[in-house]
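Asker: give me the fold of what follows.
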Amino acid sequence: MESLALAAAIIVAPAMFGGPLSLLISFWKPTNISKFRRVFIYSLSSLSTLVGLFLIFENISSGARNVGILGIATGLTAIWRVRKYSSL
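Answerer: A predicted model of the protein is given here:
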């Protein structure tokens, strides 16, 4: 039973924490984004978006769907912010 809880936590964690974390990192000094930070934000946001899509389309529960929507919204917002400020 503990391995099932661990598997569920591993599946949900990127959408629940990856998107908001990448959005938080994109707010810190947005005009001075290094290449390492940009790659980190892109990878974390895309992982969060993919896991969020998985959670939405699998029809697991409404809570998982909400976590998926949160992951997609924050991940795409972080990518948008990086693209917006990296052109300056």
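Asker: mind checking how far the helix or strand where Leu4 lies is from the chain centre?
Answerer: Per DSSP states H and E, Leu4 falls inside helix 2-13. Here helix 2-13 is found 17 Å from its chain centre; the criterion is CA atoms, centre = their mean, to the nearest Å.
Asker: name the helices or strands packed onto it?
Answerer: Where contact means 3 or more CB pairs under 8 Å, 6 or more residues apart in numbering; DSSP states H and E, helix 2-13 is packed against helix 35-57. Where you see a C-beta, it was placed from the backbone N, CA and C, and this is true even at glycine.
Asker: and the angle for the helix it packs on with helix 2-13?
Answerer: Per axes from the mean of the first three to the mean of the last three CA atoms, to 10 degrees, the angle that helix 35-57 makes with helix 2-13 is 120 degrees.
Asker: tell me which residues in stretch 54-64 are buried?
Answerer: The neighbour-count check on stretch 54-64 (16 or more other CB atoms under 10 Å) flags 54-56, 60, 64 as buried.
Asker: could you point out which element follows the helix holding Leu4?
Answerer: That would be, after helix 2-13 and using DSSP H and E, helix 19-27.
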